[in-house]
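[1] Structure for this input, please:
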Amino acid sequence: MTACYFKYELIILKLLTLDTQSQSPDISVVMLMKFVEKYFFRARKLIFLLFSISLFYSSNFYCQNKKSNIDVFYSLTDSLVNKIDSEIPAEQKNILLNLSLGDRYSLFANTIKDQFIKKGKEIVTQPPDEINIPTIDIVMEGAGVEYGEMFRSGFFGTHYVQRYETIFGNYLQTFSELGKQKFEITLIDTVKVEDVKYLENPSYPFTQAELPPEPFLSGLAEPIIAIGTAALVVVLFFTIRSE
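    As a prediction, this is how the structure comes out:
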């Protein structure tokens, strides 16, 4: 992108080397060259700086994660399993797992089991009486998504919102002396407003949320900037003519 800027600057430089006063009978071309010569080169450093800042922030925004809301919830349950597993003695390879997820969050059951298995645990249904096996009870009380205030990546950039996804509940595992423990795990990231409809899943209402309205000033920014730019061009044009 930076190369493009210097390319266009080089073209303007070449145009300014032409003897426009003698070769062009059209006075508008001469005035245009005077305008570019007088005002563009004075502002080129500022233009380049603003262009670089805009490019930097835009590249950061476009690199954001595009996981669907349901996939983010899966990653949150993985974090929950990691927390519980860290409290179990490493030599304990078998666990008795009880999940109270309700109908709404039953889809997390297999993900939770799979994560324990990946941690090297074997899930048993009925432990032998003579062996003390950790019993883990997980209760999912709620899960949901919210979207923060809408904003742009630049004056004319894409609309974005911050996405907040949370799971909360409690768990009890017999190898811990802390008893029942509450958990609340949240992930915050940034997504494009235009992508939200693809990130949500209509089959699971907790993956959906209402988008905030576009900020009032943001909606006015484009026409104000456009009108202001046009007015500035007119003023500069007549200033040049008067000289």
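[2] Burial check on the nearest residue to residue 66 once chain neighbours are set aside, number of neighbours?
    Leaving aside its chain neighbours, residue 66 sits nearest to residue 195 (6.6 Å; criterion: CB to CB, 6 or more residues apart in numbering). From N, CA and C alone the C-beta is placed, and that goes for glycine too. As a burial measure, residue 195 scores 15 neighbours (other CB atoms under 10 Å).
[3] Does residue 79 belong to a helix, a strand or coil?
    Assigned by DSSP: H, G, I helix; E, B strand; the rest coil, the conformation of residue 79 is helix.
[4] show me where pLDDT drops low in this structure?
    For the chain, the stretches flagged by pLDDT under 70 are 1-65, 127-131, 154-156, 216-243.
[5] That one: strands as residue ranges?
    For the chain, the strands defined by DSSP state E cover 94-100, 122-124, 135-147, 151-152, 159-173, 181-192.
[6] ok, and for the third one, which residues are buried?
    The reference is to strand 135-147. Buried residues in strand 135-147, counting neighbours by 16 or more other CB atoms under 10 Å, are found at 136, 138, 139, 140, 143, 144, 145, 147.
[7] Distance check, the fourth one against residue 86.
    Going back to what we said before, that points to residue 140. 19 Å (CB to CB, to the nearest Å).
[8] Confirm for me that residue 212 is in contact with residue 148.
    Yes. Using CB atoms under 8 Å, residue 212 makes contact with residue 148 at a distance of 7.2 Å.
[9] so what's in contact with these two at the same time?
    residue 161 (CB atoms under 8 Å, 6 or more residues apart in numbering).
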